[in-house]
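1. Okay, predicted coordinates and the sequence, questions at the end:
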Amino acid sequence: MESSRFSVFARYVLAIAIVLMFVFPIAWFALTSIKPISAIFDKDGVVVFDFVPTYENYQVTLFGQQSIDVSENSRSDFGTSGGNSYDGRSSIVSSLIVAIGSTFLATTIGLLAAYGLSRLQFRGSQGMLHWILSQRFLPPIAIIIPMVFIFRDLGLRDTHLGLIIAHTLINVPIAVLLLKSFIDDIPRDIDEAAMIDGATRLQVFWKVIMPMAKGGMAATAVLCFIFSWTEFLLSLFLTNSIRTIPVKITTFVTSTGSEWGYISALGTSAIIPGFIFILLVQNHLVRGLTMGAIKD
Amino acid sequence: MASVNVEKLVKKYGDLEVLHSIDLDVEDGQFVVLLGPSGCGKSTLLRTIAGLESSTSGDISIGERNVNGMHPKDRNIAMVFQNYALYAHMKVRDNMAFSMHLNKTPAARIEERVNWAASILSLEPYLDRYPKELSGGQRQRVAMGRAIVRNPDVFLFDEPLSNLDAKLRVQMRTEIKELHKRLKTTTVYVTHDQIEAMTMADVVVIMRDGHIEQMGSPMEIYDNPANLFVAEFIGSPGMNLLAGKIVEDSGKMICRVGELDLPLPEQMNISAGQDVLYGIRPEHLIPSETGVKATINVVEPTGPETHLFCHMSGHDVCAVSRERMNWKADEVILVEPTLEYVHLFDAQTKEAIKRKT
């Protein structure tokens, strides 16, 4: 009894320690975003809570105010902003368009491909699966130069559509593999039962497989969304004026200094859409969605 | 309702032939059970009738229609699967109505049919539940409900009870039988459980390695197995089989098994010197005052009867008695084969040796 109580206690301590380890950087980042510049860089030591909160960083990055208007502190030591190039609003819109677009495309294509690979028997299906997986072996940096040229020639460079396609290309293999494993878990007997009930292949897919693979689709969508939301390299190379958040933030590091206040404000804000997205789909992220369909 | 006719059906997977020229006639309203060990081709035959597998050659007709190459949905059949195969995301009501939704049956008609099926299967209280909220037996009933709502020509059952526990299996067995009595729909039922086959079937079809070994009513098959395989497969405990030779002893034919001389019925189509297998079912090898000496090895009381596993001159046999005697292991008893139930099989061909008519 005693030892089990101790082990429960130890488990809690360990869990709390791990949670703190993960939460600390985020919390510190968020805290930085409401600190005045003097508190971010204090020559006498680290300021934790001993500061007057300011929303200036958010006003600049999210509401497009000129940094010079709201600045209460001299920025001369850390470089100054030029105009409102710290306005993150368009980059948030771009990130949302690209992430939602590529998530939708990758999940849709992935689902159709996964259903085909899981259910239809055709020559070379196994080879095709390996080929799809092999697309993830190449690091994006290895293909970025040809991609830039191809996208430029197709007129897709520096467009939302171009970036959506690029992110979809990267996400499709993982979506196919993940969704295939979910569809594989739905027994074929269910397809057959539906076919005997009078469903065509397409109806089986639409009315039976898709609703039963909802959990898998939600999980895949979350992964694709997070990838696209945080992707840096392709966005950097394939766009000039359209900037997604990760690329935009790097422009806050200038030759005259790094705007830590703005970086942390935009960075903290960037957590929120992903968080909302996951909240929206988490209801579907339940295991055992096929529970009850068959005798386990 | 309709008959099902299978003619010279061959099914190959690549070079592997799994069904060898199968002929099967299921009359309108009949309950036919396909019985056999795993891998005998019974499920493949059922799935080919359903249209879930294509045939390599041969013909399948349901009623007057030849259904070769026809999509399962156009065959007007219903199938119940071993693992229920319910649509987990739909309520019981929608599971049952799925086929009618697909063919755009009017809502009122759907409602009426679902309620009718639910009342037959005692599923009314569960119509608004999801399959995961039901027990195994209830799920199997939903699967059956899904089959009966649309009044198909033929029911196909693929080992529907093998996932249920023993007690429920007996109950569902009766329910399926009652359902058949009520609906009189032609039924093809696959199982590897001989008790299911014996209790439910009008006709049992015994299969092995893609061939039909024997077809007939349960008792016909039990009493007159066509060959050694059928004799061994049907019956529990299994038929006692002793390898022996026919010898003539003072004008009478007997079967000599080692040192034992076993009596034979008259009118057997045999000749002296023939190698045979002497078969007698345990319930026809009865402890009595006369007969052959046997030493009891294990006594197994089952309630209504007692199984006596004995050594009989170096052979292991099982005798069954309905009498409650206080038998003990190592006790020596006399057992007597009931002559009219003795089976003989040719040692080479393994075919049953018929009686002279």
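-> Now that the structure is in, tell me what you want to look at.
2. which regions of chain A sit below the pLDDT cut-off?
-> Regions of chain A meeting the criterion pLDDT under 70 cover residues A:1-3, A:67-84, A:284-296.
3. Count the residues that sit near residue 36.
-> All of this refers to chain A. Number of residues near A:Pro36 (other CB atoms under 10 Å in any protein chain shown) recorded here: 17. C-beta coordinates here come from the backbone N, C-alpha and C atoms, glycine included.
4. try again with chain B
-> Neighbours of B:Gly36 under the rule other CB under 10 Å: 26.
5. got the contact list for it?
-> By CB atoms under 8 Å, 6 or more residues apart in numbering or on different chains, B:Gly36 lies in contact with B:42, B:192, B:206-208, B:213, B:233.
6. repeat that with 10 Å
-> Each residue near B:Gly36 by CB atoms under 10 Å, 6 or more residues apart in numbering or on different chains is listed here: B:42-43, B:45, B:190-192, B:194, B:197, B:205-213, B:229, B:233.
7. same question, B:Gln82
-> Taking CB under 10 Å, 6+ apart as the definition, contacts of B:Gln82 comprise A:189, A:294-295, B:43, B:140, B:143, B:157-163, B:190-191.
8. let's see 7 Å
-> For B:Gln82, the contacting residues are B:158-160, B:162-163, by CB atoms under 7 Å, 6 or more residues apart in numbering or on different chains.
9. So the residue nearest to B:Lys350 when sequence neighbours are not counted versus B:Ile234, what's the distance?
-> Spatially, and ignoring its direct neighbours in sequence, B:Lys350 is nearest to B:Leu228 (4.0 Å; CB to CB, 6 or more residues apart in numbering or on different chains). Between B:Leu228 and B:Ile234 the distance is 11 Å, computed by CB to CB, to the nearest Å.
10. With only the CA atoms kept, save the helix or strand that B:Glu17 is a member of in PDB.
-> Taking DSSP states H and E as the criterion, B:Glu17 maps to strand B:16-26. As requested, the backbone C-alpha atoms of strand B:16-26 are provided in PDB (Å, rounded to 0.1, in the frame of the first residue of the first chain):
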ATOM      1  CA  LEU B  16      -4.500 -22.800 -57.200                       C
ATOM      2  CA  GLU B  17      -7.900 -24.300 -57.800                       C
ATOM      3  CA  VAL B  18      -9.900 -24.100 -54.600                       C
ATOM      4  CA  LEU B  19     -13.300 -25.200 -55.900                       C
ATOM      5  CA  HIS B  20     -13.400 -28.200 -58.200                       C
ATOM      6  CA  SER B  21     -16.400 -28.400 -60.400                       C
ATOM      7  CA  ILE B  22     -19.000 -28.000 -57.700                       C
ATOM      8  CA  ASP B  23     -22.600 -28.900 -58.400                       C
ATOM      9  CA  LEU B  24     -25.200 -27.800 -55.800                       C
ATOM     10  CA  ASP B  25     -28.900 -27.400 -56.000                       C
ATOM     11  CA  VAL B  26     -30.700 -25.600 -53.200                       C
END
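11. The residue of the stretch 151-300 of chain B found nearest chain A in helix, strand or coil?
-> Residue nearest to chain A within the stretch 151-300 of chain B: B:Asn163 (4.0 Å; CB to the nearest CB). Put simply, B:Asn163 is coil when judged by DSSP: H, G, I helix; E, B strand; the rest coil.
12. Please work out how many residues are found near it.
-> 19.
13. Which pLDDT value belongs to it?
-> With respect to pLDDT, B:Asn163 scores 84.
14. Skipping adjacent residues, who's closest to B:Arg139 in space?
-> Once flanking residues are discounted, B:Arg139 sits nearest to B:Tyr84: 4.8 Å by CB to CB, 6+ apart.
15. quick check, that neighbour in a strand?
-> No. According to three-state DSSP, B:Tyr84 belongs to no strand; its state is coil.
16. Enumerate the residues of the stretch 101-250 of chain A near chain B.
-> Taking CB under 7 Å from any CB of the partner chain, the part of the stretch 101-250 of chain A that reaches chain B is made up of A:187, A:189-190, A:192-193, A:195-199, A:203, A:208, A:211-212.
17. on that earlier part again, partner strands of the strand holding B:Glu17, with direction?
-> strand B:4-13 (antiparallel) (DSSP bridges).
18. And the partner strand, how far out from the chain middle?
-> With CA atoms, centre = their mean, to the nearest Å as the basis, strand B:4-13 stands 20 Å off its chain's centre.
19. could you give the mean pLDDT of it?
-> Taken as a whole, strand B:4-13 has a mean pLDDT of 95.
20. and that strand, which residues are buried?
-> B:4-6, B:9-11 (16 or more other CB atoms under 10 Å in any protein chain shown).
21. what's the farthest-apart pair in these?
-> Across these, the two members that end up farthest from each other (CB to CB) are B:Val4 and B:Val10, 17.2 Å apart.
22. For the residues of the stretch 101-250 of chain A next to chain B, pick the one with the most neighbours.
-> For those, counting by other CB under 10 Å, the largest number of neighbours falls to A:Ala193: 31 neighbours.
23. can you pull the contacts of B:Lys328?
-> When contacts are counted by CB under 7 Å, 6+ apart, B:Lys328 is found next to B:Ile296.
24. same check, this time on the one 3 residues further on
-> When the contact criterion is CB under 7 Å, 6+ apart, the partners of B:Glu331 are B:Ile296.
25. Could you do the one 10 residues further on as well?
-> The neighbourhood of B:Tyr341, defined by CB under 7 Å, 6+ apart, consists of B:280-281, B:284.
26. For chain A, tell me which of those residues show up nearby.
-> When the contacts of B:Tyr341 are checked against chain A using CB under 7 Å from any CB, none falls in range.
27. Based on its surroundings, how many neighbours for the closest residue to chain B within the stretch 1-150 of chain A?
-> Closest residue of the stretch 1-150 of chain A to chain B, CB to the nearest CB: A:Gln121 (11.1 Å). The local packing count at A:Gln121 equals 5, with neighbours defined by other CB under 10 Å.
28. From A:Val23, how far off is it?
-> 49 Å.
29. Then B:Tyr87?
-> When CB to CB is the yardstick, B:Tyr87 and A:Val23 sit 42 Å from each other.
30. With B:His71 instead?
-> Using CB to CB, one gets 56 Å for the distance from B:His71 to A:Val23.
31. How about A:Ile109?
-> Note on A:Ile109: its distance to A:Val23, by CB to CB, is 36 Å.
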